[in-house]
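Asker: 3D model of this:
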Amino acid sequence: MKRHFIPLALCLAVSASAFAINVNVKRGDRIGVLTISERHGYDAERRIAEAVQNYLRQELSDRGFDAFRTGETYDELRRDDRANADYYVEIVSSHGDANLMGAVGVGGGPIGAEIGVVVAHVAAEMRLYDGRTLELIDRFDLQQRRTTVAPTGIGIGSRPFFGWIALPFVQRAQYRAAAHDVARDAAERIAAGTHGR
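Answerer: This is a model prediction of the structure:
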């Protein structure tokens, strides 16, 4: 009887320890990521805000917050008085660009390539609000720059016919990486601002 009791006791102890250790600890704080206001109607600005919002929601979730996109602006939220989150974060303004700063052509024979320096810059102003009172807790301006050297075009052909194809995905990839960096910085600021509240 004692022989069977010891393994059973060990299994129960290990199970209790496993339940006590929670690797992905949830803070329990619900954070709504607000939609950018229509008054910031430029397509480029809205695209940047959309990218930052998506990355921000993911970064907050990775830090244990229950983060979600609200589909509402701050003004709509105040008007409807829907405080269904502990905190709200708003992207007040954003801007960015990705530019080819210089390039050199390389290759031989019928194939050539353009190797360029691509610089992407993304900036965003954000505000953090209390979910119950909608009072401003913090505001921060964040910006990130990404630089890479990569192929930006490919040419194929020979005289008298030669074709050239630009590779815009390099600029887009750098732009998205800079937006992700801004969202990561914002999530860290928000986590620090909500800690202990």
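Asker: Let me see the backbone angles for the residue nearest the centre of the chain.
Answerer: Closest to where the C-alpha atoms of the chain average out (C-alpha atoms, centre = their mean) is residue 55, at 2.2 Å. Taking degrees, to the nearest 10, you get phi -70, psi -40 for the backbone angles of residue 55.
Asker: what does residue 72 give?
Answerer: Main-chain torsions, residue 72, degrees, to the nearest 10: phi -120, psi 150.
Asker: Could you give the separation of the longest helix anywhere in the chain from the chain centroid?
Answerer: When the chain is parsed with DSSP state H, its longest helix is helix 169-194. Centre-to-centre, helix 169-194 and its host chain are 4 Å apart (C-alpha atoms, centre = their mean, to the nearest Å).
Asker: Mind jotting down where the strands sit in this structure?
Answerer: With DSSP state E as the criterion, the chain has strands at 30-33, 66-69, 87-108, 111-130, 136-158, 161-166.
Asker: now for those strands, which one comes closest to residue 192?
Answerer: Ranking the strands of the chain by their distance to residue 192 (criterion: C-beta to C-beta) puts strand 136-158 first, at 9.1 Å. From N, CA and C alone the C-beta is placed, and that goes for glycine too.
Asker: Taking strand 87-108 as reference, get the angle to that closest one.
Answerer: 20 degrees (axes from the mean of the first three to the mean of the last three C-alpha atoms, to 10 degrees).
Asker: pLDDT on the longest helix of the chain, on average?
Answerer: Per-residue pLDDT over helix 169-194 has a mean of 88.
Asker: which helices and strands sit right next to that helix?
Answerer: helix 43-62, strand 87-108, strand 111-130, strand 136-158 (3 or more C-beta pairs under 8 Å, 6 or more residues apart in numbering; DSSP states H and E).
Asker: Give me the angle between that helix and strand 136-158.
Answerer: Inter-element angle recorded for helix 169-194 and strand 136-158: 170 degrees (by the same axes, to 10 degrees).
Asker: what residue ranges in this protein score low on pLDDT?
Answerer: 1-28, 39-42, 79-83, 160-162, 164, 195-197 (pLDDT under 70).
Asker: returning to what we had before: ok, now which ones touch the residue nearest to the centre of the chain?
Answerer: 179, 180, 182, 183, 184 (C-beta atoms under 8 Å, 6 or more residues apart in numbering).
Asker: Count the residues that sit near the second one.
Answerer: In this case it means residue 180. Residues lying near residue 180 (other C-beta atoms under 10 Å) number 20.
Asker: related to what we said a few turns ago, distance to residue 173 and mean neighbour count added to the strands of the chain, as a markdown table?
Answerer: A markdown table is the format used below for those (distance: least, C-beta to C-beta, whole Å; neighbours: other C-beta atoms under 10 Å):
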| stretch | distance to residue 173 | mean neighbour count |
| --- | --- | --- |
| strand 30-33 | 23 | 23 |
| strand 66-69 | 23 | 17 |
| strand 87-108 | 9 | 17 |
| strand 111-130 | 9 | 19 |
| strand 136-158 | 8 | 15 |
| strand 161-166 | 14 | 10 |
